[in-house]
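Chemist: with the input below, show me the fold.
(one chain, ligands or ions: 2)
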Amino acid sequence: MKFILAIDQGTTSTRAVLFDGDMQAVGTAQQEFPQYFPKAGWVEHDLDEIWDSVVATCRQVLAQTGITAADLAGIGITNQRETTAVWDKATGAPLHRAIVWQDRRTVEICEALRGGGHEDMIRHKTGLLLDPYFSGTKASWILDQNPEARDRAARGELLFGTIDSFLIWRLTGGASHVTDATNASRTMLYDIREGAWSEEICGLLQVPMAMLPEVKDCAADFGITVPEILGEAVPILGVAGDQQAAGIGQACFAPGMMKSTYGTGCFALLNTGETPVVSHNRLLTTVAYQLGGKPTYALEGSIFIAGAAVQWLRDGLGLLEDAAQSGALARQADPEQDVLLVPAFTGLGAPYWQPECRGAVFGLTRGTGPAEMARAALQSVAYQTRDLWEAMRADWPEETHVTLRVDGGMSASDWTMQSLSDLLGAAVDRPKMQETTVLGAGWLAGMQAGIYPDQAGFAATWALDRKFTPQMAPAQRDAAYGRWQRAVQAVIGV
Ligand SMILES: Nc1ncnc2c1ncn2[C@@H]1O[C@H](COP(=O)(O)OP(=O)(O)O)[C@@H](O)[C@H]1O
Ligand SMILES: O=P(O)(O)OC[C@H](O)CO
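Modeler: Numbering: from 1, shown residues only. Ligands and ions are numbered 1, 2, ... in the order given. This is a model prediction of the structure:
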């Protein structure tokens with residue numbers, strides 16, 4: 001039997017998962033790596049530490065399962081998106097630590113582009129908002145640090161890439177400088193309509209096009225690993241950014257299908273089909289996946305605080321020993337109390353994009369205790385999802401959403417998922433296989449290798465763990481959501 005090795009290079013840890021020929025996970029290895037915060041608002045990763053974590057987890061999962069590289073049909077890679085690497089083509093040495101997606105240091109570059117009247121053009125071409133989140137301004141900042149860097153990059157001596165691209169370059173011993181369309185669509189340098197790097201935006205940011213990787217489909221021949229790394233040469237056959245990989249792992253292949261991943265934050269993607277939909281509600285337009293040369297687009301909304309609100313209950317307030325206790329505690333809350341938490345701990349993401357505002361608790365009484373706080377924290381995740389849901393409906397009214405599929409650590413909470421269904425007034429489906437991100441990367445590689453089913457066959461393997469249906473009366477739902485909207489406006493106004 002042939003196996004697939006899927007690598008998930010995330011923001012705080014790297015995981016390697018081995019899938020057998022039936023797409024069953026048979027082994028997992030995970031390793032955390034250091035985060036660097038050199039200044040307020042700056043977040044960096046050491047690319048050599050990321051590389052070491054990838055090699056170590058891949059070797060570990062093979063060793064612990066007794067599978068050898070010769071048994072592998074291919075490798076799939078999924079990664080934290082937007083995080084930016086620039087390295088020396090001759091030596092492989094990074095020019096700077098990777099600048100992580102959360103890093104805000106390029107606010108001024110964004111302001112200059114806005115001031116120059118380029119915002120609408122960038123929004124139209126890339127589908128993104130003009131924000132430091134994305135890679136383009138980060139790459140420009142790295143080049144700014146070294147007076148010779150731009151000339152060297154123009155001569156092809158320095159290379160740019162997101163983490164997938166950096167890993168593939170190293171895995172192939174420098175033979176492949178490539179990425180996939182989903183990762184390219186997060187750089188703010190890529191024209192998602194043309195399916196090509198934008199000369200105009202690269203020119204504005206002075207990012208020489210000679211340093212950019214070739215953009216491929218998500219299932220493609222990305223290169224072959226050098227034998228020394230895993231013991232044999234293995235082809236890299238699947239690549240997608242982690243949120244897109246989760247959408248693929250959830251088989252959200254039809255327009256109207258939406259997935260929401262509840263980890264530290266929450267990322268929701270709605271498949272909108274073959275044409276990019278422009279958001280009028282400050283959502284992002286992005287490539288959901290690209291197969292057979294054809295891109296499928298999505299609307300995306302990001303919430304910064306989801307599971308992090310539960311971490312705050314546990315670590316900040318000391319109300320819980322374990323995140324898994326939060327649902328049972330929330331269930332004990334007094335139904336007469338309407339405590340509401342707006343968890344704007346680091347500002348608010350989509351659809352508000354208010355980086356400066358901070359959180360608040362409303363409706364406190366003398367009777368408010370841990371149970372009411374737990375309920376408010378879990379419900380805040382549902383309310384924020386409702387905001388994204390409303391924005392998506394407004395942007396894409398032609399179809400009602402077929403379904404919302406959930407995954408990520410927090411989707412294990414029955415209480416939260418029921419509350420989500422109640423506040424959306426829609427069904428919420430939780431799959432049996434909740435490791436959707438690695439599954440997505442693994443399926444892409446296995447399909448390209450010819451050992452896994454095609455898109456329709458894969459979609460048919462999606463299996464329901466539990467369906468949550470709305471139990472709340474519509475009038476109560478509307479009243480509750482109205483109160484949430486007023487609370488958000490209050491927080492933005494303070
Ligand atoms: N049973 C649960 N109830 C509520 N929250 C949970 C539960 N299990 C995990 N979480 C939350 O989910 C998050 C972890 O999910 P995970 O998908 O591993 O996140 P990430 O990939 O961002 O690290 C944590 O923030 C944790 O507080
Ligand atoms: O690595 P994660 O799971 O925190 O995901 C990060 C996202 O890709 C950022 O856009």
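Chemist: so the residue of the chain most remote from its centre, which of the three states?
Modeler: Here the centre of the chain is the reference, and by C-alpha atoms, centre = their mean the most remote residue is residue 366, at 40.0 Å. Under the three-state scheme (DSSP: H, G, I helix; E, B strand; the rest coil), residue 366 adopts coil.
Chemist: distance check, it against residue 46.
Modeler: 50 Å (C-beta to C-beta, to the nearest Å). To be clear about C-beta, it is placed using only N, CA and C from the backbone, and glycine gets the same treatment.
Chemist: and residue 310, by the same measure?
Modeler: Residue 310 is 29 Å from residue 46, by C-beta to C-beta.
Chemist: more neighbours: the two, which one.
Modeler: More crowded of residue 310 and residue 46, by other C-beta atoms under 10 Å: residue 310, with 28 against 15.
Chemist: and stretch 31-39, end to end?
Modeler: End-to-end distance of stretch 31-39: 25 Å, with C-alpha to C-alpha, to the nearest Å as the criterion.
Chemist: I meant stretch 404-413, not that one.
Modeler: Terminal residues of stretch 404-413 are spaced 16 Å apart (C-alpha to C-alpha).
Chemist: what's the first helix or strand after the longest strand seen in the chain?
Modeler: Longest strand of the chain, by residue count under DSSP state E: strand 294-303. Using DSSP states H and E, the helix or strand that follows strand 294-303 towards the C-terminus is helix 307-311.
Chemist: would the helix or strand following that next one count as contacting ligand 1?
Modeler: Remark: after helix 307-311, the chain's next helix or strand is helix 326-331, criterion DSSP H and E. Yes - residues of helix 326-331 contacting ligand 1 under C-beta under 6 Å from any ligand atom: 326, 327.
Chemist: counting by contacts, list what helix 326-331 packs against.
Modeler: If you count contacts as 3 or more C-beta pairs under 8 Å, 6 or more residues apart in numbering; DSSP states H and E, helix 326-331 packs onto helix 370-395, helix 414-424.
Chemist: at 6 Å what do you get?
Modeler: Identification of packing neighbours for helix 326-331 by 3 or more C-beta pairs under 6 Å, 6 or more residues apart in numbering; DSSP states H and E yields helix 370-395.
Chemist: next, the angle helix 370-395 makes with the helix or strand following the helix it packs on.
Modeler: Per DSSP H and E, the first helix or strand lying C-terminal to helix 370-395 is strand 403-407. In terms of direction (axes from the mean of the first three to the mean of the last three C-alpha atoms, to 10 degrees), strand 403-407 departs from helix 370-395 by 130 degrees.
Chemist: can strand 403-407 be said to contact ligand 2?
Modeler: No - using C-beta under 6 Å from any ligand atom, strand 403-407 never reaches ligand 2; the gap is at least 11.1 Å.
Chemist: picking up where we left off before, any figure for the gap between the residue farthest from the centre of the chain and residue 416?
Modeler: As for residue 366, its distance to residue 416 is 27 Å (criterion: C-beta to C-beta).
Chemist: which positions in the stretch 201-350 of the chain make contact with ligand 1?
Modeler: 263, 264, 307, 308, 310, 311, 323, 324, 326, 327.
Chemist: looking at it, residue 469 is touching residue 428, isn't it?
Modeler: No - applying C-beta atoms under 6 Å, one finds residue 469 not in contact with residue 428, separated by 8.1 Å.
Chemist: shared neighbours, those two?
Modeler: Common neighbours of residue 469 and residue 428 are listed as residue 421 (criterion: C-beta atoms under 6 Å, 6 or more residues apart in numbering).
Chemist: looking at these two, which one has more neighbours?
Modeler: Just comparing residue 469 and residue 428: by other C-beta under 10 Å the higher neighbour count belongs to residue 428, 25 against 11.
Chemist: quick check: the more buried one vs ligand 1, distance?
Modeler: Distance of residue 428 to ligand 1, computed by C-beta to the nearest ligand atom, to the nearest Å: 15 Å.
Chemist: ok, residue 368 next?
Modeler: Per C-beta to the nearest ligand atom, residue 368 is found 20 Å from ligand 1.
Chemist: ligand 2 contacts on the stretch 251-400 of the chain?
Modeler: Within the stretch 251-400 of the chain, the positions near ligand 2 by C-beta under 6 Å from any ligand atom are residue 263.
Chemist: residue in the stretch 251-400 of the chain nearest to ligand 2?
Modeler: residue 263 (5.4 Å; C-beta to the nearest ligand atom).
Chemist: element containing residue 29, please.
Modeler: strand 25-32.
Chemist: can that strand be found next to ligand 1?
Modeler: No - looking at strand 25-32 against ligand 1 by C-beta under 6 Å from any ligand atom, there are no contacts, and the closest approach is 10.0 Å.
Chemist: so how far is the helix or strand following that strand off the chain centroid?
Modeler: The element immediately downstream of strand 25-32 (helix or strand, assigned by DSSP H and E) is strand 44-45. Going by C-alpha atoms, centre = their mean, to the nearest Å, the spacing between the C-alpha centre of strand 44-45 and its chain's C-alpha centre is 17 Å.
Chemist: same thing with stretch 387-405?
Modeler: Centroid displacement of stretch 387-405 relative to its chain, using C-alpha atoms, centre = their mean, is 19 Å.
Chemist: how about it, which residues are buried there?
Modeler: By neighbour count on 16 or more other C-beta atoms under 10 Å, the buried set for stretch 387-405 is 387, 388, 389, 391, 392, 395, 396, 401, 403, 404, 405.
Chemist: any idea how far the residue farthest from the centre of the chain lies from ligand 1?
Modeler: 27 Å.
Chemist: and the gap between residue 133 and ligand 1?
Modeler: 16 Å.
Chemist: mind listing the helices for the stretch 51-200 of the chain?
Modeler: Ranges of helices within the stretch 51-200 of the chain are 107-115, 119-126, 135-144, 149-154, 163-171, 181-184, 199-205, based on DSSP state H, counting those that start in this stretch.
Chemist: would TSV of the ones you listed with mean pLDDT and mean neighbour count be doable?
Modeler: Formatted as TSV, the helices of the stretch 51-200 of the chain follow (pLDDT from 0 to 100; neighbours: other C-beta atoms under 10 Å):
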stretch	mean pLDDT	mean neighbour count
helix 107-115	93	15
helix 119-126	96	17
helix 135-144	97	24
helix 149-154	96	18
helix 163-171	98	27
helix 181-184	98	30
helix 199-205	97	17
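Chemist: now for the ones you listed, which one comes closest to residue 245?
Modeler: helix 181-184 (8.0 Å; C-beta to C-beta).
Chemist: how about that closest one, does it get close to ligand 2?
Modeler: No - against ligand 2, helix 181-184 shows no contacts by C-beta under 6 Å from any ligand atom, the least distance being 9.6 Å.
Chemist: this completes my enquiry, with thanks.
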